[in-house]
Each structure stands twice: as structure tokens, then as C-alpha cells.
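Participant: Just the structure for this:
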Amino acid sequence: MPSLTLKAVEKWFGEVQVIKGVDLEIEEGEFVIFVGPSGCGKSTLLRMIAGLEETSRGQILIGDRDATAEPPSRRGLAMVFQSYALYPHMSVRDNVGFPLKSAGLPPAEIKEKVDEAARVLKLDAYMDRRPKDLSGGQRQRVAIGRSIVRDPTAFLFDEPLSNLDAALRVEMRYEIAKLHQTLAATMIYVTHDQVEAMTLADRIVVLEFGRIAQVGTPRELYERPANLFVAQFIGSPKMNILPAAHVRGLTLADGTVDVGIRPEHITLGMDGAHVDGVVDILEYLGADTFVVVDCGEAGKLTVRVAGDTELKPGDAVGLIFNTTRTHGFDSAGLAVS
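Facilitator: The predicted model follows:
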């Protein structure tokens, strides 16, 4: 049985529709991530699942129970927000145990659950500190611990790492991945950072203007995007897109208007090149260098090469596509095979 099901879910703010008929099943124990550009509706959809936003139309089922009209307190879900929302005057122990104390559990049971959460999140050494004495990553772990003790049906994360610096984001991605392995709990996570989505998710839900553009594993979305939007949203750098009319020597499916090719699927060489160009800029990243090539009417294409390349701006190059890794898109932006 799915852990959570959305059936034709809609959200209206007055005359403005922000969620436009979303259907989705999330299996028990699955880690699902909502991604999309700002304003696509990903946080609104998460808040509807949590019960923090009213569902205008459609159904939200938790297990086999219709929870559409239930208040947040009845849904059995735990939400971790972008802001840590910790009580500054309380110790870590009291912050983590606060939901249980509010529910009237016996002190011995509260201590047992809080100690277990502290063990899982490696907070044992910080239990007597106050939030002001913790780093950003430690505060986020306390916020997660407060959710764990409730033993929820599912965890909901709303951009939980966006307030952290780059190094802490990497550390907390690892912590959250390990937490999912340890708890085997259903997790629904919102982020604008596709690296978080690609590294953490079992499945990714890509949203565009309140609709699902595609659902799939990170690999499925990367290797088989359903449309131009997904092709260019998933992947960093994004997929190169160029008009099919400016590509030489490719056998294309009927209806192909645009050709997509990822930077790592292009090699440089003059013989048999599908497109010619001139090196515009180089972005050195250590092991890799991204070479931006100006291909005239075909546009500027990015090529991933070895970090120690001797190319320089102004060099004439030919771009050879891996023909088994090209993508065709029709005039509506949909993938063609």
C-alpha cells in the first residue's frame, strides 16, 4: 500500500491556480524529492500534504485514510522547516523532547526516545547546550531530532539545508541520506538544489507551473528526459540544446526540431565533427574543465574535458557527438525517440 497518495490535487489562491491537478503515489519508505524553479508550487504542495495549506480540490490519502480535511495534528506527519524553529531558552534535550512533553508522555518514555534520537543524530555531546551554542548543522540536526521522536508516518523537509554554507550542505546531505537508511522512513523533501535531489532521492518529482513535468529516478531523468524543460533543469551544466538544422551527419527521428546533448557526451576533433565552433571561455574545476564553444547559429555549447586541457579562447574546434547519447525534441518540446 502506498504511504501517501495525491489524487487530482489542486490549490487555488482566489482566481490563481498554483497546483494544477497533481496525481502521485509515494511508497512506504521511499525518499521522494520535489524540485523545480521558484514559483513552480513545490513548497505549496508539501504544505498541502502537511495540512498547513487547505486543499482546494482532490484528495490526499495517508495509507488508506482520506486525510484531505484533517488538521496537521491528525495526519501523523513531521515537518522540518528551512528555519530551525528551536526554542532559544531550552537545552537541546528539551527542544528534542518538547513534542512528547506537550503530548503528555511519561518522563521515562520521553528520555528513552530523546536519547535514541540523539544517538542516531550524533547529538549526545550537545544535549545540555542551548541553540545559540550550536553550529548551523547541529541546529538542523536538533530540528530533525524533534521530528524523529514523534515516530511519524512520514517526514516532510522544506528546503532544510538552504541556510547552511557549502561545506555544511555536503555534510548534512550525507547525514540525511544515512538517516533515511537507518530509519527506513518515508521522506518527502523540497529543494531548489538539483544536486541535493540527484544525490538523495529514490525518485524525483519535477514540477513546472504547478504540474508534474516528469517523475522518475535520478538516472531516468538524467538519461531520458521527457521534455526540454526536464532536459535543461536536471544536470549541471545543463544539457546543450541546438536546432537540428545546424547539426551535420546525425540520423534523427521524424519530427525532431531540436537536438540535445550533454557536455560529457561531446568530444573535440575536426574529423567527422557534427558542429564547428570557436572556444569562447574555459571554466577550470580541477579534474574537469568546461569549455564553452561558440558555434554561431547553433548557439554556445558546453563540453566537459579533462582538467589539464591546453585549449585556449579563440581555438577552432570541431564537436563530435556520441550518437547513442543524443536526444531529439519536437516542436512542442517533447522527447521523440
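
Participant: For the stretch 1-150 of the chain, give me the ranges with low pLDDT.
Facilitator: Applying pLDDT under 70 to the stretch 1-150 of the chain picks out residues 1-2.

Participant: quick one, strands of it?
Facilitator: Counting by DSSP state E, counting those that start in this stretch, the stretch 1-150 of the chain has these strands, from start to end: 2-13, 16-27, 31-35, 57-62, 65-66, 77-80.

Participant: same question, the stretch 201-337 of the chain
Facilitator: With DSSP E, counting those that start in this stretch as the criterion, the stretch 201-337 of the chain has strands spanning 203-208, 211-216, 240-243, 258-261, 266-268, 275-284, 288-294, 300-306, 316-321, 327-329, 335-336.

Participant: ok so, going back, deepest of the strands of the stretch 1-150 of the chain, which one?
Facilitator: Compared across those, strand 31-35 shows the largest average neighbour count, a mean of 24 (mean count of other C-beta atoms under 10 Å). Backbone N, C-alpha and C define where each C-beta goes, glycine included.

Participant: and Ala197, how far is that from Ile204?
Facilitator: 5 Å (C-beta to C-beta, to the nearest Å).

Participant: what is in contact with the two at once?
Facilitator: Counting by C-beta atoms under 8 Å, 6 or more residues apart in numbering, the shared contacts of Ala197 and Ile204 are Ile33, Val35, Pro218.

Participant: thinking Ala143 is in contact with Tyr84, fair?
Facilitator: Yes - with contacts counted by C-beta atoms under 8 Å, Ala143 reaches Tyr84, the gap being 4.7 Å.

Participant: returning to that earlier point: show me which of the shared contacts of Ala197 and Ile204 is closest to Val291.
Facilitator: Pro218 (25.3 Å; C-beta to C-beta).

Participant: The chain - how does it break down into domains?
Facilitator: Domain assignment for the chain, taken from automatic domain parsing, gives 2-230, 240-336.

Participant: and among the ones you listed, the most buried is which?
Facilitator: Greatest burial across the domains of the chain, using mean count of other C-beta under 10 Å, falls to domain 2-230, with a mean of 18.

Participant: how about Asp124, what does it touch?
Facilitator: Taking C-beta under 8 Å, 6+ apart, one finds Ala118 in contact with Asp124.

Participant: Could you check how far it is from Ser147?
Facilitator: 18 Å.

Participant: cool, Gln194 as well?
Facilitator: Distance from Gln194 to Ser147, counting by C-beta to C-beta: 24 Å.

Participant: in terms of contact, does Ile261 touch Phe329 like I think?
Facilitator: No - with contacts counted by C-beta under 8 Å, Ile261 stays clear of Phe329, the gap being 11.6 Å.

Participant: What ranges does the stretch 1-150 of the chain have for its helices?
Facilitator: With DSSP state H, counting those that start in this stretch as the criterion, the stretch 1-150 of the chain has helices at 42-50, 92-102, 107-121, 136-148.

Participant: With distance to Arg325 as added columns, please give these in JSON lines.
Facilitator: Shown next, in JSON lines, are those (distance: least, C-beta to C-beta, whole Å):
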{"stretch": "helix 42-50", "distance to Arg325": "29"}
{"stretch": "helix 92-102", "distance to Arg325": "48"}
{"stretch": "helix 107-121", "distance to Arg325": "41"}
{"stretch": "helix 136-148", "distance to Arg325": "38"}
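
Participant: out of those, which comes closest to Met187?
Facilitator: Set against Met187 and scored by C-beta to C-beta, the helices of the stretch 1-150 of the chain come closest in helix 136-148, at 10.3 Å.

Participant: Residues touching the closest one, excluding its own?
Facilitator: 78-81, 84-86, 92, 95-96, 98-99, 114, 117-118, 120-123, 126, 131, 134, 155, 160-161, 163-165, 168, 171-172, 175-176, 179, 183.

Participant: OK, contacts around the most centrally placed residue in the chain?
Facilitator: For the chain, the residue nearest the mean C-alpha position is Ala197 (2.9 Å; C-alpha atoms, centre = their mean). By C-beta under 8 Å, 6+ apart, the residues touching Ala197 are Ile33, Val35, Thr191, Ile204, Pro218.

Participant: change it to 7 Å
Facilitator: Ala197 is in contact with Ile33, Val35, Thr191, Ile204, counting by C-beta atoms under 7 Å, 6 or more residues apart in numbering.

Participant: Show residues contacting stretch 173-187.
Facilitator: 3-4, 26, 28-31, 120, 141, 144, 153-155, 157, 196, 199-200.

Participant: let's see 6 Å
Facilitator: With contact meaning C-beta atoms under 6 Å, 6 or more residues apart in numbering, stretch 173-187 is reached by Ser3, Glu28, Gly29, Glu30, Phe31, Val120, Ala154, Phe155, Thr199, Leu200.

Participant: returning to what we had before: of all the helices of the stretch 1-150 of the chain, which one comes closest to Pro313?
Facilitator: helix 42-50 (38.6 Å).

Participant: follow-up on the earlier one: wait, which of the contacts of stretch 173-187 is closest to Asn322?
Facilitator: The closest of the contacts of stretch 173-187, once distances to Asn322 are taken by C-beta to C-beta, is Thr199, at 24.4 Å.
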